[in-house]
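K.L.:
Just a sequence and a predicted model for now, questions to come.
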Amino acid sequence: MFTSKLANRVSAAVIFSMLSFLTQAEDPTILSGYNVKFSPRIDFSAMHTDNVLKAENEVSDTIANIMLSGNLNLSKKGQTIDSNFGFKTTEHLEVESEEIDDFFGGVSLLHNFSESFLVKVGLRYDDTTIARDAIVEGDADGRTDITTISQSIESSYKTGKQQYKLALKRDEIDTLDTETSSIAVNKDDEDRTETDLILKGNYMLNNIFQPSFTLSFSEIDYEDQIDDFGLERSSNVVEFLVGGSLKLGSGVDISGEIGHYYRDYNGISFENIEAAIGNGSISMKINDNLSAYGAFSRSFAELNIDASPGLFIDNYSSGFSYRATDKLSFDGSFSKEITKFELLDIKLKDFIKKVGCTYEFDQHYNAGLHYVDSRRVTNSSIAQPFKENAVTLDFAVAF
C-alpha cells in the first residue's frame, strides 16, 4: 500500500508537470543575446523483486522511484551554458528501509575561441545512495550515502586530421556509511579527493580507420592518512591506452583500446598493482529497424579491505534493439561479469539477462516494461551468492 509520504511526492510530481506545461513555449526564449530553453522531465518506475537485498535467501519487495529533473540551456554563437538538476526519491513498500533521497545538479560553460580550439568548464554536485550488492556476508542490507563535488576543465584542439583533448578533473568525495552491521567490511567508502589529468589524441587516417591514444595520471588523497597497518598512505595511478575505431561499410563500427595500468600505493603495505587493461566494442546496424552490439572491458577497482588493495573486473556483454513500429520497440541484453579480488582467492561471477519493450505515445510520453534475471556464483564461503528476478514498469514525461 502506498504511504502518505509517497502520495505527497506523487502530488508534487503532478504539480511539477502542470507547471512545466505552462512554462513551455514553442520557440526558445531570447534573453540578453542567449537562446534560452528549459526542458523538465518526470520519471516514475515501480519494480517488484524477489531479492531486494541480493542475499542467498529470497526477500521480496516492491520499490517505487520518482525523479524530477530539468535541463536549462543558454546558447549563442560560440558559447553554450548548460545546466541540469534533479531530485530522486525511493520508497520501499514491503521492506523497512531508511529514507533514500538523491540530489544532483551541474552547470558547464563551453566557449569556442575558434573553429579549432574550445574550452569547457564544469561544476557538479551529486548526493546519491548506493545500494549494496552483497559482495560479502553481512553487507547486503547496508547503504552508503556519497556526496561528490566535481570540478573540471577541458580543452580541445584540432589541426588538420589530428585532434587532442586535455582535461583536468577534481572530485571531492564525502561518504557516510550507514551499514547495519557493527563491523564495516568494505573500506572503499572513505572520504578522499581524486585528481585526474587526462590527455587524449586521435588521428583521422582515412574514412575507415582512426587510431587514438589515452594517457592519464590520477592522484588519490585520503582524509584518513593512516591505513589499517598504521602506515601513511596515498595512491597514484598511471594508465596508457592505445587503440582506435574502424568503420566497415555503413553498418559496422568497431572500437577498442588496450594498454597498461599501474597503481602505486605509497606507504601502504600492499604491493603495487600492474596489469593489462582495455576495452572493445562492435555495433552492427543490420537494417533500419534492427541493431546489435557486443562489448568487453577489463578494469581495476579499489577496495581497501584487509589483505587486498582491490579487484579486477572483466565484463562481457551483448544485446540488441528492434523497432517494431514507429511507437513500439524491443530490447534485450546479456552480460557476464567476473570479479577477482587481488591477493585473495575470491572470485565472483555475475550473470544478468534483460528483456523489455518501450512504447512512445508521442514526443512527450513513453512507457516501458522490463524483466531482469540475475544470479551470482562464487568460490568463497564469505562472499554472498544470490538469485534475483525483477519486473520494472516505468513511465516518463519529457518536455
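P.N.:
Right, received. Where do you want to start?
K.L.:
For the nearest residue to Ser235 once chain neighbours are set aside, give me the pLDDT.
P.N.:
Among residues not flanking Ser235 along the chain, Ile220 sits closest, at 4.2 Å (Cβ to Cβ, 6 or more residues apart in numbering). Quick note: C-beta positions are derived from backbone N, CA and C, even for glycine. Per-residue pLDDT puts Ile220 at 85.
K.L.:
Secondary structure element holding Ile220?
P.N.:
strand 209-222 (DSSP states H and E).
K.L.:
Sheet partners, orientation included, of that strand?
P.N.:
Paired strands of strand 209-222, with direction, are strand 192-203 (antiparallel), strand 234-248 (antiparallel) (DSSP bridges).
K.L.:
Go ahead and name everything in contact with it.
P.N.:
190-205, 233-247, 257, 259, 302 (Cβ atoms under 8 Å, 6 or more residues apart in numbering).
K.L.:
Tell me where the stretch 51-200 of the chain has helices.
P.N.:
Here the stretch 51-200 of the chain has no helices by DSSP state H, counting those that start in this stretch.
K.L.:
What segments of it are strands?
P.N.:
Secondary structure of the stretch 51-200 of the chain, counting by DSSP state E, counting those that start in this stretch: strands at 61-76, 79-92, 100-112, 117-131, 143-159, 162-177, 192-203.
K.L.:
do you know which of those strands lies nearest Thr378?
P.N.:
Minimum separation from Thr378 across the strands of the stretch 51-200 of the chain (Cβ to Cβ) falls at strand 117-131, 19.1 Å.
K.L.:
for that closest one, what is the average pLDDT?
P.N.:
90.
K.L.:
Next, the buried residues of it.
P.N.:
The neighbour-count check on strand 117-131 (16 or more other Cβ atoms under 10 Å) flags Leu118, Lys120, Gly122, Arg124, Asp126, Asp127, Thr129, Ala131 as buried.
K.L.:
and the second one, what are its bridge partners?
P.N.:
I take that to be Lys120. On the basis of DSSP bridges, Lys120 is bridged to Leu110, Glu154.
K.L.:
please renumber so the chain begins at 267
P.N.:
Noted, 267 is the first residue going forward, which turns the last one into Lys386.
K.L.:
Quick one: residues contacting it.
P.N.:
Counting by Cβ under 8 Å, 6+ apart, Lys386 makes contact with Ser374, Leu375, Leu376, His377, Ser418, Ile419, Glu420, Ser421, Ser422.
K.L.:
how about low-confidence regions in the stretch 317-466 of the chain?
P.N.:
363-365, 396-410, 443-456 (pLDDT under 70).
K.L.:
let's see 80
P.N.:
For the stretch 317-466 of the chain, applying pLDDT under 80 flags the ranges 319-323, 361-366, 395-411, 441-456.
K.L.:
returning to what we had before: now the strands of the stretch 317-466 of the chain as JSON lines including distance to Ser583?
P.N.:
Putting those into JSON lines (distance: least, Cβ to Cβ, whole Å) gives the following:
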{"stretch": "strand 327-342", "distance to Ser583": "24"}
{"stretch": "strand 345-358", "distance to Ser583": "25"}
{"stretch": "strand 366-378", "distance to Ser583": "26"}
{"stretch": "strand 383-397", "distance to Ser583": "21"}
{"stretch": "strand 409-425", "distance to Ser583": "25"}
{"stretch": "strand 428-443", "distance to Ser583": "26"}
{"stretch": "strand 458-469", "distance to Ser583": "24"}
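K.L.:
Go through these and name the closest to Ala656.
P.N.:
Nearest to Ala656, of all the strands of the stretch 317-466 of the chain, is strand 327-342, at 9.0 Å by Cβ to Cβ.
K.L.:
State the distance from Ile604 to Thr394.
P.N.:
Ile604 sits at a distance of 26 Å from Thr394 (criterion: Cβ to Cβ, to the nearest Å).
K.L.:
whoops, I mixed them up, Ser482
P.N.:
24 Å.
K.L.:
now do Tyr531
P.N.:
From Tyr531 to Thr394 the distance is 27 Å (Cβ to Cβ).
K.L.:
what's the answer for Leu514, then?
P.N.:
Leu514 is 39 Å from Thr394, by Cβ to Cβ.
K.L.:
just Phe379 next, same as before
P.N.:
With Cβ to Cβ as the criterion, Phe379 and Thr394 are 35 Å apart.
K.L.:
What of Ile347?
P.N.:
Ile347 is 25 Å from Thr394, by Cβ to Cβ.
K.L.:
Ok, Lys431 next?
P.N.:
As for Lys431, its distance to Thr394 is 27 Å (criterion: Cβ to Cβ).
K.L.:
can you check Lys424 too?
P.N.:
Counting by Cβ to Cβ - Lys424 and Thr394 are separated by 35 Å.
K.L.:
And the strand holding Ile486, how far out from the chain middle?
P.N.:
18 Å (Cα atoms, centre = their mean, to the nearest Å).
K.L.:
Give me the buried positions along it.
P.N.:
Buried, per 16+ other Cβ under 10 Å, within strand 475-488: Gln476, Ser478, Phe479, Thr480, Ser482, Ser484, Glu485, Ile486, Tyr488.
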